[in-house]
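Okay, here's the prediction I keep looking at, along with the sequence it came from:
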2 protein chains.
Amino acid sequence: MTTPALSLPNSVSIREVGPRDGLQIEQPISTEAKIRFLDALAATGVGRIEATAFVSPRAVPAMADADAIGEHLRVTRRSPTGSILYSALVANPQGAERALAAGISGLEYVVSAGDGHSRANARRTTDEAVAAITEVAAIAHQAGGRCEVIIATAWDCPFDGPTPVQRTADIAARAVDLGADQICLGDTIGTTVPGRVVELIDAVREVTQGVPLGAHFHNTRGSGLASAWAAVTAGVTMLDASAAGLGGCPFAPGASGNIATEELVYLLENSGIHTGIDLVAAMEAARLAEELVGHTAGSNLVRAGGPSRPLGERAT
Amino acid sequence: MTTPALSLPNSVSIREVGPRDGLQIEQPISTEAKIRFLDALAATGVGRIEATAFVSPRAVPAMADADAIGEHLRVTRRSPTGSILYSALVANPQGAERALAAGISGLEYVVSAGDGHSRANARRTTDEAVAAITEVAAIAHQAGGRCEVIIATAWDCPFDGPTPVQRTADIAARAVDLGADQICLGDTIGTTVPGRVVELIDAVREVTQGVPLGAHFHNTRGSGLASAWAAVTAGVTMLDASAAGLGGCPFAPGASGNIATEELVYLLENSGIHTGIDLVAAMEAARLAEELVGHTAGSNLVRAGGPSRPLGERAT
């Protein structure tokens, strides 16, 4: 039996989501601490950073300083690190207006593929959330910005169970029709696995007219990095990850969160796929992230002390 | 851009290595405790179990009861769980004789691809270890047993650095010539990544004349499950894993060990690949394993509380 040769990309663009998805469920840390974190991330060479979320400060207290973060980035973007694309999550047209007013033109608009998750998280149906893409995209485009649509619960909804592949593909197709510049498939609760990843990506790519497609995985059940690799083999070249693997679930204390940026860099770079990220700097950012939130997160690479090989281990 | 469709196998045979590789570096637990563990594993439906190692009790105190374990299995193999293939690791012809005398006919003979690791671990060169395959295989075959050759440090040696692909492939080819019934590639120190996995497997399969090929990964740097998936996509249908992810490195306290059996079952079964293992029973065996060694191990699935989806998580 022979297998077809893998057609791997030369590079993958990682988006660091630690400052938003990683910190979202943590006890709020100071704006100054976040800026230290953002600066450490900028020093890694990462090209895209999800900096904050313009959402209700009552619902997400950890993101209450979104405007201040935007203001900080407006200043630092004139610095030598100005080539980083900063983005922010928004949940509605009002959030989009706030983000643009704060100087962040990379909008991530979230719709949940699962109706149950959509109602619980955003108090509206999936259809209602999808319909608003038109307005969010128009707001972004009028300001010279971009509108990425993140499809949350793309594989599984915590309320509705598995999301049918066709349902997520239909949402992606409609998002493109309504003005989305980019699509991201979110494994919101960390349940998907490589076989399902390849199946959904193939289905979505068929109906999204070449619009750039990214993916967002959590390592909650151990499959996150494997799903990321599967996504790359299926042609995805944009992946989300979080320093130290921050971003656990508030309902599963101790559970792992997003796939860890430094682990993804280690995996891809050693597989011959460039990320532009310096692993030593990424490890430093991961350690800072753990220091700022006051606890360790899910990164095996941090636990192992780094990429170097300890001496004297026994077989096998 | 289109990608070639994955040709995935219908099933993968998992070998549970917790009783040997998982316990090897732990403080020795009682033979009775090991038998509880072996019984819990047998109840999961797993088809192959690495039960123990016939090696120097001075070098590996945790495996000093190998003969007693063999005797126990000789009895229980007459039970309804008799379809399980038990195997044992051996380091030389004397170990092979001991294993067969104890009733274990599935021999795993280890050679280190890295000379540095071979000298440190077995006080001989790689060439000397390879040359002994003839004798170990003859001993196994005369007793009606099987001789699998495990190539340790197949990707990286903690002393010599990266192992050239050609070196490992040459060792595999010679092992087959000298009588090996099966080959297993061991990522001994948990450093490899999917791209390197595919490369080495392709090279080894080219020179091993269709002899069955397995792979053994550690999750020390977070890539273990991704490497396992990559191996499956490259045609490997035999994988090692350890309940709860037991099997850390004595020189990196807190580091993750083998890939966790329950995480591998979760990943494969939900990707449509059968393992024959019941996930609920595998989770029970993992919890027992942690109880017996007295600490948690590296399984995210255990930390998450299992495969079910917690309610109410936030996007994305």
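Yep, it's here. Numbers count the residues shown, from 1 in each chain, chains lettered A, B, ... in the order given.

Determine the number of other residues adjacent to residue A:260.
Residues near residue A:260, counting by other Cβ atoms under 10 Å in any protein chain shown, number 33. Quick note: C-beta positions are derived from backbone N, CA and C, even for glycine.

what do you get for residue A:7?
For residue A:7, using other Cβ under 10 Å, the count is 11.

For residue A:55, which residues are in contact?
A:63, A:66, A:89-91, A:95 (Cβ atoms under 8 Å, 6 or more residues apart in numbering or on different chains).

Residue A:52 against residue A:20, yeah?
Yes - with contact defined as Cβ atoms under 8 Å, residue A:52 counts as touching residue A:20 (5.6 Å).

between those two, what contacts are shared?
Listed as contacting both residue A:52 and residue A:20 by Cβ under 8 Å, 6+ apart are A:63, A:88-89.

Looking at the residues you listed, which is nearest chain B?
Using Cβ to the nearest Cβ, residue A:89 comes nearest to chain B of the shared contacts of residue A:52 and residue A:20, at 7.6 Å.

coming back round to it: please identify which of residue A:52 and residue A:20 sits among more neighbours.
Between residue A:52 and residue A:20, residue A:52 has the larger neighbour count (other Cβ under 10 Å), namely 32 against 29.

what pairs with the helix or strand encompassing residue A:111, and is each one parallel or antiparallel?
Using DSSP states H and E, the element containing residue A:111 is strand A:106-112. Here strand A:106-112 is paired, per DSSP bridges, with strand A:85-90 (parallel), strand A:146-152 (parallel).

Moving C-terminal from the longest one, which element do we reach first?
In other words, strand A:146-152. That would be, after strand A:146-152 and using DSSP H and E, strand A:156-157.

Who does that next one pair with, and is each partner parallel or antiparallel?
Partners of strand A:156-157 in its sheet, by DSSP bridges: strand A:161-162 (antiparallel).

Now do the following helix or strand past the strand it pairs with: distance to the chain's middle.
Downstream of strand A:161-162, the next assigned helix or strand under DSSP H and E is helix A:165-177. Taking the mean of its C-alpha atoms, helix A:165-177 sits 19 Å from the chain's own mean (Cα atoms, centre = their mean, to the nearest Å).

Helix A:165-177 near chain B anywhere?
No - Helix A:165-177 lies apart from chain B when judged by Cβ under 8 Å from any Cβ of the partner chain; the minimum separation is 12.9 Å.

Residue A:61 contacts residue A:28, doesn't it?
Yes - with contact defined as Cβ under 8 Å, residue A:61 reaches residue A:28; the gap is 5.2 Å.

can you pull out the helices in the stretch 151-300 of chain A?
Assigned by DSSP state H, counting those that start in this stretch, the helices in the stretch 151-300 of chain A fall at A:165-177, A:194-207, A:224-233, A:261-270, A:279-293, A:300-304.

Buried deepest among those, which one?
Mean neighbours per residue, mean count of other Cβ atoms under 10 Å in any protein chain shown, is largest over those for helix A:224-233, with a mean of 30.

So which elements touch that helix?
Contacts defined by 3 or more Cβ pairs under 8 Å, 6 or more residues apart in numbering or on different chains; DSSP states H and E place helix A:224-233 against helix A:194-207, strand A:213-216, strand A:238-241, helix A:261-270, helix B:224-233.

Could you export the ones you listed as CSV, including mean pLDDT and distance to residue B:208?
Shown next, in CSV, are those (pLDDT from 0 to 100; distance: least, Cβ to Cβ, whole Å):
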stretch, mean pLDDT, distance to residue B:208
helix A:194-207, 98, 26
strand A:213-216, 98, 35
strand A:238-241, 98, 34
helix A:261-270, 97, 24
helix B:224-233, 98, 15
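
Save the strands paired with strand A:106-112 as CSV, and put in distance to residue B:200 and mean neighbour count too.
Shown next, in CSV, are these (distance: least, Cβ to Cβ, whole Å; neighbours: other Cβ atoms under 10 Å in any protein chain shown):
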stretch, distance to residue B:200, mean neighbour count
strand A:85-90, 36, 24
strand A:146-152, 36, 26
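
Using TSV, lay out the ones you listed together with mean pLDDT and distance to residue A:285.
TSV is the format used below for the strands paired with strand A:106-112 (pLDDT from 0 to 100; distance: least, Cβ to Cβ, whole Å):
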stretch	mean pLDDT	distance to residue A:285
strand A:85-90	96	16
strand A:146-152	98	23
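
re earlier: any idea of the mean pLDDT for the very next helix or strand once past the strand holding residue A:111?
The helix or strand immediately downstream of strand A:106-112 is helix A:115-122, counting by DSSP H and E. For helix A:115-122, mean pLDDT rounds to 93.

one step back: among the contacts of residue A:55, which two are most distant?
A:66 and A:91 (11.8 Å; Cβ to Cβ).

Find the residues that touch each one of those two.
A:53, A:55.

ok, back up a step: could I get the helices and strands packed on helix A:224-233 in CSV, plus columns for distance to residue B:185?
Listed next are the helices and strands packed on helix A:224-233 as CSV, based on distance: least, Cβ to Cβ, whole Å:
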stretch, distance to residue B:185
helix A:194-207, 20
strand A:213-216, 29
strand A:238-241, 27
helix A:261-270, 16
helix B:224-233, 8
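
can you list the helices of the stretch 151-300 of chain A in TSV and add distance to residue B:187?
Listed next are these as TSV, based on distance: least, Cβ to Cβ, whole Å:
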stretch	distance to residue B:187
helix A:165-177	33
helix A:194-207	18
helix A:224-233	14
helix A:261-270	12
helix A:279-293	19
helix A:300-304	13
